[in-house]
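Q: Sharing a sequence plus its predicted fold:
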Amino acid sequence: MKKGDKVFYTFLVILVLVYFYIFWGKWNDDRFAHIESLSANSNYSAPPYAEKYGVALHGKLGAMYDCLTKYRLTSIKRYTKGKSGPSGAIDIKVDEYELYLGVTNGEVVSSSLTKYNHRGEVEYATRTVAVNCDIDLLNKLE
């Protein structure tokens with residue numbers, strides 16, 4: 001195989017990979033936009049371990065909702081310098097959704113959404129998106 005052919009095929013493979021990344025990423029990311037079907041007044045319930053993060057077991061999304069609607073379509077997380085607090089993850093239930101919150105030093109830095117149908121089966125799950133939301137925004141109504 002000639003050097004020119006190798007370059008052409010390499011370019012073609014890269015082009016196809018980029019196309020699939022954009023196509024599949026766009027399909028999945030559009031689904032996180034369904035976060036807008038919720039509201040600041042949507043009720044949530046959290047598992048008992050959420051208290052470790054200072055999260056009440058029941059409450060309203062509050063200002064967290066507004067922050068989550070400003071998500072970034074990337075998996076690259078930006079961490080706020082100087083923050084301190086617990087790290088880990090919380091899955092909270094909001095209506096027919098389960099909202100995953102990835103927490104680092106008391107700040108939600110990633111999120112994903114899973115929707116369940118009326119039988120409790122997974123209808124769809126989004127890919128993880130990047131956010132920067134203080135965990136204390138839950139239950140804060142402005």
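A: Sure, I can see it.

Q: mind checking how far the residue lying closest to His58 once chain neighbours are set aside is from Ser112?
A: By the measure of CB to CB, 6 or more residues apart in numbering, the closest residue to His58 outside its immediate chain neighbours is Ser45, 5.3 Å from it. All C-beta atoms are positioned from the backbone trio N, CA, C, and that covers glycine. Distance, Ser45 to Ser112, by CB to CB, to the nearest Å: 18 Å.

Q: mind showing which ranges of the chain have poor pLDDT?
A: Residue ranges of the chain with pLDDT under 70: 1-4, 19-30, 75.

Q: Closest to the centroid, which residue in this structure?
A: Centroid-nearest residue in the chain, with CA atoms, centre = their mean: Ser111, separated by 2.0 Å.

Q: what's near enough to touch the nearest residue to Ser39 once chain neighbours are set aside?
A: Spatial nearest neighbour of Ser39, chain neighbours left out: Tyr65 (6.1 Å); criterion: CB to CB, 6+ apart. Counting by CB atoms under 8 Å, 6 or more residues apart in numbering, Tyr65 touches Ile35, Leu38, Ser39, Ala40, Ser42.

Q: So what's the residue count around the last one?
A: By the measure other CB atoms under 10 Å, the count of residues near Ser42 is 18.

Q: Same check on the second one?
A: The criterion is other CB under 10 Å. On that basis, Leu38 has 20 neighbouring residues.

Q: does it really touch Leu61, like I thought?
A: Yes. Contact criterion CB atoms under 8 Å: Leu38 and Leu61 qualify, at 6.3 Å.

Q: what is in contact with these two at once?
A: Common neighbours of Leu38 and Leu61, using CB under 8 Å, 6+ apart, are Val94.

Q: neighbour count winner among Ser45 and Ser112?
A: Ser112 (19 against 12).

Q: Return the distance of the more buried one relative to Lys6.
A: Counting by CB to CB, the gap from Ser112 to Lys6 is 39 Å.

Q: same deal with Thr126?
A: Thr126 sits 38 Å away from Lys6, going by CB to CB.

Q: Please identify which of the two sits among more neighbours.
A: Comparing Thr126 with Lys6 by other CB under 10 Å, the one with more neighbours is Thr126, at 21 against 10.
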